[in-house]
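Trainee: Any chance you could fold what I've pasted below:
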Amino acid sequence: DDGIEVRGVLGGKRFEYRGGVFKGARTYNLAAAGAPVRLNNPDNSLRTIGMAMLNFADAQPGYFYNPNGLGTLRILSVGAGFDRIPNSTVNMDNSLAWNVFALADQPVGGGRINAMASWYNWDGPAWTGGFEGTTAAVQVGVLLPKGSREGRWQPVVRYQRQDNPDTDFTLNTVNLGINYLLKGHTINWKLDFAINDRQVGGKNAHAIRFQTQLLF
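Mentor: Numbers count the residues shown, from 1 in each chain. Below is the predicted model:
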């Protein structure tokens, strides 16, 4: 999407902000040929986004965040954000998503504890699959102390919830994972087992995922 975004840090890097304005969905006629005109986004309104974050430890002034810094930063942050898409579908309200979140990455003994939590509210027709409701996630990982070998282990536990009251749909997922970081984010292997509390076609919808990253 074409647009412009600004970002910056203030107050000795304690406060970080981002904001953007984007083209979004332009006006077009949704009606079939010969039918009365039904305009989408008739005012050509722009899509807007924003985020604000308070840092109680190190800031992350780069373009991308790295909540799993492997010892490069001490992170303790909270924040909130929003994404507004005007009149994304004819005769529908604007689409608005907003969230609150927290990040932590701190040393514990010879290792590190890494935690993330987020809560989202999705309202309006623009979101993937027409989802309207809330999603939430909490994740905790422990980077174990260095052993006699070069690599490091990092077990991870995550809980996720999706809740759509309009369709009476809920989904709870527990993820159990283990990462082996041979050379940090450069060479690593990650295994994840997702346990879902709903069935698809009368069968359990659990999943096993394996991921590797090799950067030379």
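
Trainee: going forward, measure contacts between C-alpha atoms and count neighbours the same way
Mentor: Noted.

Trainee: partners of residue 118 in the sheet?
Mentor: Taking DSSP bridges, one finds residue 101, residue 137 as the beta-bridge partners of residue 118.

Trainee: so where's this protein shaky on pLDDT?
Mentor: Low-confidence regions of the chain, defined by pLDDT under 70, span residues 89-92, 148.

Trainee: From the centre of it outward, give me the first residue you hit.
Mentor: For the chain, the residue nearest the mean C-alpha position is residue 118 (7.8 Å; CA atoms, centre = their mean).

Trainee: Does it touch residue 134 like I think?
Mentor: No: counting by CA atoms under 8 Å, residue 118 does not reach residue 134; the two are 10.6 Å apart.

Trainee: before we move on, what SS does the spatially closest residue to residue 79 that is not a sequence neighbour have?
Mentor: Nearest residue to residue 79 in three dimensions, chain neighbours excluded: residue 53, at 4.0 Å (CA to CA, 6 or more residues apart in numbering). Following DSSP: H, G, I helix; E, B strand; the rest coil, we place residue 53 in the strand state.

Trainee: Likewise for residue 129?
Mentor: helix.

Trainee: before we move on, what about residue 58?
Mentor: Residue 58 - assigned by three-state DSSP - is coil.

Trainee: shouldn't it be in contact with residue 69?
Mentor: No: the criterion here is CA under 8 Å, and residue 58 misses it with residue 69 at 11.2 Å.

Trainee: give me every residue that touches residue 169.
Mentor: Contact analysis of residue 169 by CA atoms under 8 Å, 6 or more residues apart in numbering lists 162, 163.

Trainee: export stretch 53-67 as CSV, just CAs?
Mentor: Listed next in CSV are the C-alpha coordinates belonging to stretch 53-67 (Å, rounded to 0.1, in the frame of the first residue of the first chain):
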residue,chain,number,x,y,z
MET,A,53,5.6,2.4,23.3
LEU,A,54,7.2,3.1,26.7
ASN,A,55,10.6,1.6,27.3
PHE,A,56,11.6,1.0,30.9
ALA,A,57,15.0,-0.5,29.8
ASP,A,58,16.7,-0.4,26.4
ALA,A,59,15.0,1.0,23.3
GLN,A,60,14.9,-0.5,19.9
PRO,A,61,15.3,2.4,17.5
GLY,A,62,15.8,0.2,14.4
TYR,A,63,13.1,-0.3,11.8
PHE,A,64,12.3,-3.8,12.9
TYR,A,65,11.9,-5.0,16.5
ASN,A,66,13.8,-8.0,17.9
PRO,A,67,12.0,-9.2,21.1
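
Trainee: what distance separates it from the middle of the whole chain?
Mentor: Stretch 53-67 sits 15 Å away from the centroid of its parent chain (CA atoms, centre = their mean, to the nearest Å).
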